[in-house]
Structure formats: C-alpha cells, structure tokens
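A.B. asks: mind looking at a prediction? Sequence and model below.
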Amino acid sequence: MIWPKRLGVEPAYISAIELDRRRPSLPLVRRLADVLGIKRETLFLLSHPEAKSLIRKSAVPQRQRIAKDRAWRDFKEDEALLVRHDVKPQELRCLSHLARLGRIRRASDFLYILNAIRQALEDS
C-alpha cells in the first residue's frame, strides 16, 4: 500500500480510521488532506464532526456577518421609507426577529414580507 507510506503511518492505523475505530490526529489530518488534495478544514470537520458547532460560528468572516445584516440596517434606518409605508413599531420588532432567522438580500424584501404579513392578517 502506497498511502500509509506516504502518510508515515501503519496500514492498520488507516484501517482503524476507515472502520471508525479511531480518529486521525491533527497532523495526520493535515497530511491526508495534502495527499488527497482536499481542504484541510473539510477533512478536519469530517473526521471530528463534534467540532462543527465550534468552528462554524467563528469561521464566518466579519465582513460576511456585516453584509448579512446590511439589508436590515438599511431598511430600519430609512425613515422616509418607514413613514411612507406606515411601518409601526410592533411591525419593526417583528421584522427584526425575522432578520435574525436568515439572510435577506435587499431592504425592499422587508417591505414584501411586511405586506405579505399585513395581507395575511387582514384575511384572518
């Protein structure tokens, strides 16, 4: 077998990893990723899935988190828009909760959602 020699481990160790009896050490994850030509982070998360919750939240770059909230900030800070569409404080609070659920791309999407909510409440 060529893989264990390239990785510097015994074939039995690779077998134990494949059978999910052992987990690769971090240096071995690095070497495996390099030999297989895949991202180290991907292989690490596959071999240590319990680390996913620790990494996913902090792995998002700050600029992506800022971009995610941009539509909400643009919407809530556009006072002319809020007045023109008669957005009430309770509606604004509701939309703020919605903004935390996922990424909304444009401030105008909040108006679409608000109008859908208003129409649903009128139909009730």
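C.D. replies: Perfect, thanks for sending it. This structure is a prediction, so every number in the text was calculated from the model and none was measured.
A.B. asks: now do the SS call for Leu121.
C.D. replies: Leu121 falls in the helix class when you classify it by DSSP: H, G, I helix; E, B strand; the rest coil.
A.B. asks: now Arg100: which helix or strand?
C.D. replies: Using DSSP states H and E, Arg100 sits within helix 89-101.
A.B. asks: again, but for Asp34
C.D. replies: helix 26-36.
A.B. asks: hang on, Arg22 packs against Ser15?
C.D. replies: No - in this structure, Arg22 is not within contact of Ser15 by Cβ atoms under 8 Å, at 9.2 Å. All C-beta atoms are positioned from the backbone trio N, CA, C, and that covers glycine.
A.B. asks: could you break the protein into its assigned domains?
C.D. replies: With automatic domain parsing as the criterion, the domains of the chain are listed as 2-59, 62-123.
A.B. asks: dump the ones you listed to CSV, plus mean pLDDT.
C.D. replies: Below are those laid out as CSV (pLDDT from 0 to 100):
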stretch, mean pLDDT
domain 2-59, 81
domain 62-123, 84
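A.B. asks: dump those into a markdown table; add mean neighbour count as well.
C.D. replies: Formatted as a markdown table, those follow (neighbours: other Cβ atoms under 10 Å):
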| stretch | mean neighbour count |
| --- | --- |
| domain 2-59 | 13 |
| domain 62-123 | 13 |
